[in-house]
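Student: just to be clear, the model below is a prediction. Sequence and coordinates:
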Protein chains: 2
Amino acid sequence: MQPGDTLPSTRKLADLIHVNRNTANLAYEELISQGWAESVNRKGIFVPASLPSVSKRISTTFQKTPDFKTSFTWINKFESEVAPLRSQKPALIIDEGFPDVRLAPIDHLMAEYRSISKRFSGKNFLKYGNPKGGENLRNSIGKYLLNTRGLVASADDILITKGSQMGIYLAAQLLIEPGDFVAVGNSNHLLADATFKLCGANLLRIPVDQNGIDTDCLEYELQTKKIKAVYVIPQHHCPTTVTLSVERRFKLLELAKMHSFAIIEDDFDFEFQYEDNAYIPLDNHENVVYIGSFSKTFAPSLRIGFLSGPPEFVAAAATLRKYMDRQGDTLLEESFASLLDNGEIDRHFRKAIKIYKERRNVFCDMLAITFDGIIEIKKPEGGLAIWTRFDKSIDLMKMSNHAAANGLQICNGNSYRNDHSKVNGLRMGFASLEIPEMEKAFVTLKKALAATGPVPNLALVHNYTKVSA
Amino acid sequence: MQPGDTLPSTRKLADLIHVNRNTANLAYEELISQGWAESVNRKGIFVPASLPSVSKRISTTFQKTPDFKTSFTWINKFESEVAPLRSQKPALIIDEGFPDVRLAPIDHLMAEYRSISKRFSGKNFLKYGNPKGGENLRNSIGKYLLNTRGLVASADDILITKGSQMGIYLAAQLLIEPGDFVAVGNSNHLLADATFKLCGANLLRIPVDQNGIDTDCLEYELQTKKIKAVYVIPQHHCPTTVTLSVERRFKLLELAKMHSFAIIEDDFDFEFQYEDNAYIPLDNHENVVYIGSFSKTFAPSLRIGFLSGPPEFVAAAATLRKYMDRQGDTLLEESFASLLDNGEIDRHFRKAIKIYKERRNVFCDMLAITFDGIIEIKKPEGGLAIWTRFDKSIDLMKMSNHAAANGLQICNGNSYRNDHSKVNGLRMGFASLEIPEMEKAFVTLKKALAATGPVPNLALVHNYTKVSA
C-alpha cells in the first residue's frame, strides 16, 4: 500500500482474516500509535503521507534486534588481490585484451533466437537439459575444434561451460586438494591464480621468457616437489603474450607423463593469430584439460566456453557443474550451434582478425612514439593485447590515476606484480578501440605521463628496442 | 581434408611451410607408408578413400602411448545417488514438479531481447558486467520481492544466480567446512543434500510432518551438537509439499539466534499458492540466506534465480560466483528486468496459477480413482507437485519400469529413500501436463499398476484417506 491509500474497515478486516473485530481494532490502534496508519474522522483509516523511518526491513512479524548484526559465520576464503570492479563509466578504456563487442554479429544471434523459439515443437528447449550442454552445440564445437586446430573431440569429450573461467574453476576444484603444488607462470592470469589459491593450492611460480614457461625450471622443481597440475596459456601467455615454443611443448608433455601431473591448457583466444603460425593445442586426451571460450573472442557477456579432456574427467566435471548451476542456457547454446554450423562465427572471426591486425599495428606505433625511449614492447603474434615494460623510473600508478581523472581507464600494473615479480609493466588491449579512439586515448596518456614527473630519455643510454617484430 | 582430396605437390608444400623439398618428400613417403596418403602416378598425392583406424585422436605431432589411459588423478567427490539423466525421449513425463514451459511468455522475452540489442548504445550490454548481476534486474527483483512477499531487499542485498541450485551451492561452499553438521528434512530435496555432502557436511536428518520440519527434534539435537546451518523449504517442502507452521517459523528463528546457525531458506516456487495463504519468508537479514528462482516457475532452461541475505554475505557470495563463472548473461538479465517492470511476469503467474489450480484438482481426482484404496494423498496448498504414499505392497520400481516401456516416464521412488527413510512414495508434478495428457498418462499408469501384481483393496481394511483437503 502507498501513502494515502485507505485501509479496510475493522469489520471488513475482521472478516477477511477471520479474527474478532476487537482484535482488528487493537491492531489498528497499535499501527496508529506507531505512526503506520492515521485515522481521519468519519472518513476511515489511511496510510499516512510520511511513514516512520525503518532501517532496512519493514517487518511487523519478526522483530529486529536493536544491535543488528549477522550472527552466523561463513568461510572467508577470498584474498583481496582481485580488485573490485570500478563503478564509474570512463569515456575511454584501454582494457587488458577484450574483443570489440561492436563487431559481434548480434543481429544474427537474435535471428537464431527468434527462429529457434518459433521452431522447437512443444518448447522442449525450455525444459531441463543436459548439464554437459546441448548435444547440438557439443557436436558443432567438436567440428569447429577439428577444423580450426586439428583437435579431435567427440561430443562426449566436451563440456559446455559459461566461459573459460568456469573451466578453470572446474579443473581447480576437481584436481586440487589443500596443500597441493600447482605450477603457474610468473606472472600469470590473475583470476586463475586466485582460483587455484581458493582451492588451497600452493602456487609454484615458474619463470616465463620469450619462449613461454621455462620447462627446465619446472623440471628442476619436480626433482623435489610433487606437482599436481601445471597451468599454461600456450598461445598468448597472460600477461606477456609470448607463445610456448615447440621444444618446450614436447618437454612439458614428457614431464607430465613422467610425473603424472595434469596440464590445464587455457587457450582462450586461439582464434586471433595475425602471422599464420599457431601451433595445435597440447591436448592429448591423456594429461591435458583443454579450456576454450567464445566469451573472450565474441562478447564477454555471452557466456559460452568449453572444456575438453579424457572422457572420465569430463564426466566428473559435468557432475560438479550440475551442483554449481544445474545446466546452461539452452536457447543460447542452440543459437550458438547454428551460428557455428552456418559459418557465421567463421565469417565474424575472419573479419575481426583483419581489423584487429591493423589496430595492433597502429597501437604499437602509437606506443613507440608516445613512450619513445622508456618502453620495451614486442609486437604480439596473436591475441588482443600488447605487453609493455616501462623504465623503472616511470610511476605507472600515478600515470593511471592521472588518466582516470581525465576520462581514460587503464590499469596501474599492480596486478602483474606478486611475491616474486616486481615488473613495471602493463598489459594493453588494442582490439576494443577504433583508431580515432586510440588517438584520443594516447593524447590523454601522453599528458598523464608528463604529469608523473620529468621523463628521462633513456633511448641513448639503454638502447631500448622501440618495436621488435 | 577429406578422402579423395588432393595434397599439395612437394614443391608447393616445401614453399608453404618453408622446408627443403627433400623434407617434404620424406614426409609424404612417411604418410604413404602409414596409409594416410596414396600416390597416383602422374596425378599427384591424395587422401585415400579408406583411412587407417585410429582410436580417438588423429595426432601426428604428439604420439599416443599404446596403453591409453589417463595418467593424472582428480578428486571424486561424487556419490552415485544422483541418477544420470535419461537420454531417450518418452512420449509423456510425469515429472517431479516443473512448470509447463508451453505457458512461458517466450515471445515477450524475445521482443525484449530484440529491443535491448537494438537500444543499447555501443553494445555495452555485451561487455563484462557485475558478478552480482545487472543493477536493473537487482532493482526489479527487489521491488518484486517487496510486492509479492513483503521482503525488503535493496539491490545491494541481492545476487542474481543461475537458478536456485547456484544459490544452494554458494551457501554450502561459504558456510560449510568438512565435518560441520547441516540439518535437513527427512526426506529432502536430493540435489541440496548432495551439494551439502559435496562440501563435507554431516547431514542431520530432522523429521518432517504435516507442519513442516520438526523444530522440537531440531532443538533436541542442538543440545548435543553444534549445527552450522539448517536447510528448509518453508512453503512447499520437497518432497512432501507441506508448509512450515507459523509456530515453527518463530521457533526456528529463535533457535537460529540462540545457537548462531544459518537458515538456508529455499523458496523456489513461492509464486504458486492456490489457497491464498502464503506466509512471508523467514528472511530477517540476520541469520537467513534467502534463495529464489524464476527457472523453477517460468522455464527451467532460462537460468535466473536470486539470493538475498546480510550484505556482507551477499558480497562474499558474489566473489565466489566470480571465480565460478565470472558473471551472468547480461542480455537475459536485462530482458528479465523489463518483463518484471512491465508486469509481464505478473500476468504470466496470474494466468499460470488459474491453470495449475485446475490441473492440481483434476490430477488429485485421477489419482484417487486410479489408486483407490492403496494411496494416501493430501491436496497441496501450493507448488507444482503432489506427494503420494503408496501401500507398501505396491512395487513402485516395477510400476515405473512398466510405464517407461509404454512411453510414460515417472520416478520410481528411490530418490526419496535414504539411510533413515524407507518411505514408499512418489512426488508427482501436475503442472506440466494438459488434462488430455493426464488422461493418457493415467491409462498407462493403471496398466502399469496392474502389471505389478494383484492389487489389494485396502480401502476397507485401513480406511485410507483418498483426498484430504
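Tutor: On my side now, so go ahead. Residues are numbered from 1 along each chain as shown, chains lettered A, B, ... in the order given.
Student: any idea of the pLDDT on the residue lying closest to residue A:25 once chain neighbours are set aside?
Tutor: Residue nearest to residue A:25 in three dimensions, not counting chain neighbours: residue A:10, with 5.1 Å by C-beta to C-beta, 6 or more residues apart in numbering or on different chains. The C-beta positions use only the backbone N, C-alpha and C, and glycine is treated the same way. Looking at residue A:10, its pLDDT is 88.
Student: what does the one 4 residues further on give?
Tutor: At residue A:14, the model reports a pLDDT of 89.
Student: is it in contact with residue A:23, as I believe?
Tutor: Yes. Between residue A:14 and residue A:23 there is a contact under C-beta atoms under 8 Å: 7.1 Å.
Student: neighbour-wise, which of the two wins?
Tutor: Set residue A:14 next to residue A:23 and count neighbours by other C-beta atoms under 10 Å in any protein chain shown: residue A:14 wins out with 18 against 13.
Student: what about that one, which SS state?
Tutor: Each residue gets one of three states, and residue A:14 gets helix by DSSP: H, G, I helix; E, B strand; the rest coil.
Student: one more: residue A:11?
Tutor: Of the three states, residue A:11 takes helix according to three-state DSSP.
Student: let me see the contact set for the nearest residue to it once chain neighbours are set aside.
Tutor: Spatial nearest neighbour of residue A:11, excluding adjacent residues (C-beta to C-beta, 6+ apart): residue A:21 at 6.0 Å. Residue A:21 sits next to A:10, A:11, A:14 when contact means C-beta atoms under 8 Å, 6 or more residues apart in numbering or on different chains.
Student: distance of the last one relative to residue A:47?
Tutor: Taking C-beta to C-beta, to the nearest Å as the criterion, residue A:14 is separated from residue A:47 by 19 Å.
Student: residues near residue A:341, how many?
Tutor: The burial count for residue A:341: 15, using other C-beta under 10 Å.
Student: for it, which non-adjacent residue is spatially closest?
Tutor: Distance criterion C-beta to C-beta, 6+ apart; nearest residue to residue A:341, sequence neighbours excluded, is residue A:140 at 5.4 Å.
Student: look at the one you found and say how many residues are nearby.
Tutor: Neighbours of residue A:140 under the rule other C-beta under 10 Å: 23.
Student: what of residue A:288?
Tutor: If we define neighbours as other C-beta under 10 Å, then residue A:288 has 25 of them.
Student: for stretch A:215-234, measure first residue to last.
Tutor: End-to-end distance for stretch A:215-234: 12 Å, by C-alpha to C-alpha, to the nearest Å.
Student: ok now that stretch, how far from the chain's centre?
Tutor: 26 Å (C-alpha atoms, centre = their mean, to the nearest Å).
Student: pLDDT on that stretch, on average?
Tutor: 97.
Student: ok, the residue nearest the centre of chain A to chain B distance?
Tutor: Using C-alpha atoms, centre = their mean, the residue of chain A that lies closest to the mean C-alpha position is residue A:165, 6.1 Å off. Using C-beta to the nearest C-beta, to the nearest Å, one gets 4 Å for the distance from residue A:165 to chain B.
Student: and the pLDDT for that residue?
Tutor: Looking at residue A:165, its pLDDT is 97.
Student: wait, isn't it in contact with residue A:189?
Tutor: No. Using C-beta under 8 Å, residue A:165 is not in contact with residue A:189; the gap is 9.8 Å.
Student: so which bits of the stretch 301-450 of chain A are right by chain B?
Tutor: Neighbours of chain B within the stretch 301-450 of chain A, by C-beta under 8 Å from any C-beta of the partner chain: A:301-303, A:310, A:312-313, A:316, A:319-320, A:322-332.
Student: buried subset of those?
Tutor: A:301-303, A:310, A:313, A:316, A:319-320, A:322-332 (16 or more other C-beta atoms under 10 Å in any protein chain shown).
Student: confirm that residue A:240 sits in a helix.
Tutor: No. Counting by three-state DSSP, residue A:240 falls outside a helix, being coil.
Student: leaving out chain neighbours, which residue sits closest to it?
Tutor: Nearest to residue A:240 is residue A:387, by C-beta to C-beta, 6+ apart, at 4.5 Å.
Student: so which strand or helix has that neighbour?
Tutor: strand A:385-390 (DSSP states H and E).
Student: which strands border that strand, and is each parallel or antiparallel?
Tutor: Next to strand A:385-390 in the sheet, as set by DSSP bridges, lie strand A:375-378 (antiparallel), strand A:425-429 (antiparallel).
Student: show me what the lengthiest strand in chain A is packed up against.
Tutor: In chain A, assigned by DSSP state E, the strand with the most residues is strand A:202-209. The contact analysis (3 or more C-beta pairs under 8 Å, 6 or more residues apart in numbering or on different chains; DSSP states H and E) places strand A:202-209 against strand A:181-186, helix A:190-198, helix A:215-222.
Student: can you rerun that using 10 Å?
Tutor: Applying 3 or more C-beta pairs under 10 Å, 6 or more residues apart in numbering or on different chains; DSSP states H and E, one finds that strand A:202-209 contacts strand A:181-186, helix A:190-198, strand A:212-213, helix A:215-222, strand A:227-232.
Student: mean neighbour count and distance to chain B for those - can I get that in JSON lines?
Tutor: Formatted as JSON lines, the helices and strands packed on strand A:202-209 follow (neighbours: other C-beta atoms under 10 Å in any protein chain shown; distance: least, C-beta to the nearest C-beta, whole Å):
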{"stretch": "strand A:181-186", "mean neighbour count": "24", "distance to chain B": "12"}
{"stretch": "helix A:190-198", "mean neighbour count": "22", "distance to chain B": "5"}
{"stretch": "strand A:212-213", "mean neighbour count": "24", "distance to chain B": "17"}
{"stretch": "helix A:215-222", "mean neighbour count": "17", "distance to chain B": "14"}
{"stretch": "strand A:227-232", "mean neighbour count": "25", "distance to chain B": "8"}
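Student: ranges for the strands of the stretch 251-400 of chain A?
Tutor: A:262-266, A:288-293, A:305-308, A:375-378, A:385-390 (DSSP state E, counting those that start in this stretch).
Student: parallel or antiparallel, which strands does the third one pair with?
Tutor: What that stands for is strand A:305-308. Strand A:305-308 is paired, per DSSP bridges, with strand A:158-161 (antiparallel), strand A:288-293 (antiparallel).
Student: what's the following helix or strand after the first one?
Tutor: Looking back up the chat, that one is strand A:158-161. helix A:164-175.
Student: and the angle from that next one to helix B:164-175?
Tutor: Put simply, helix A:164-175 runs at 50 degrees to helix B:164-175, going by axes from the mean of the first three to the mean of the last three C-alpha atoms, to 10 degrees.
Student: what packs against helix A:164-175?
Tutor: Going by 3+ C-beta pairs under 10 Å, 6+ apart, helix A:164-175 lies up against strand A:158-161, helix A:190-198, strand A:227-232, strand A:262-266, strand A:288-293, strand A:305-308, helix A:311-325, helix B:311-325.
Student: what pairs with the third one, parallel or antiparallel?
Tutor: Okay, so that is strand A:227-232. strand A:181-186 (parallel), strand A:262-266 (parallel).
Student: can I get the CA coordinates of it in PDB?
Tutor: Written as PDB, here are the backbone C-alpha positions of strand A:227-232 (Å, rounded to 0.1, in the frame of the first residue of the first chain):
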ATOM      1  CA  ILE A 227      53.300 -31.100  -8.600                       C
ATOM      2  CA  LYS A 228      49.600 -31.700  -9.100                       C
ATOM      3  CA  ALA A 229      48.900 -29.500 -12.100                       C
ATOM      4  CA  VAL A 230      50.600 -27.000 -14.400                       C
ATOM      5  CA  TYR A 231      48.500 -24.100 -15.700                       C
ATOM      6  CA  VAL A 232      49.700 -22.800 -19.100                       C
END
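Student: now it against strand A:202-209, angle please.
Tutor: Using the same axes, to 10 degrees: strand A:227-232 against strand A:202-209 is 40 degrees.
Student: tell me who's in contact with the residue nearest to residue A:240.
Tutor: A:97, A:236-242, A:376-378, A:380, A:416, A:423, A:425-428 (C-beta atoms under 10 Å, 6 or more residues apart in numbering or on different chains).
Student: residue A:230 contacts residue A:252, correct?
Tutor: Yes. At 7.0 Å, residue A:230 and residue A:252 qualify as touching, with contact defined as C-beta atoms under 10 Å.
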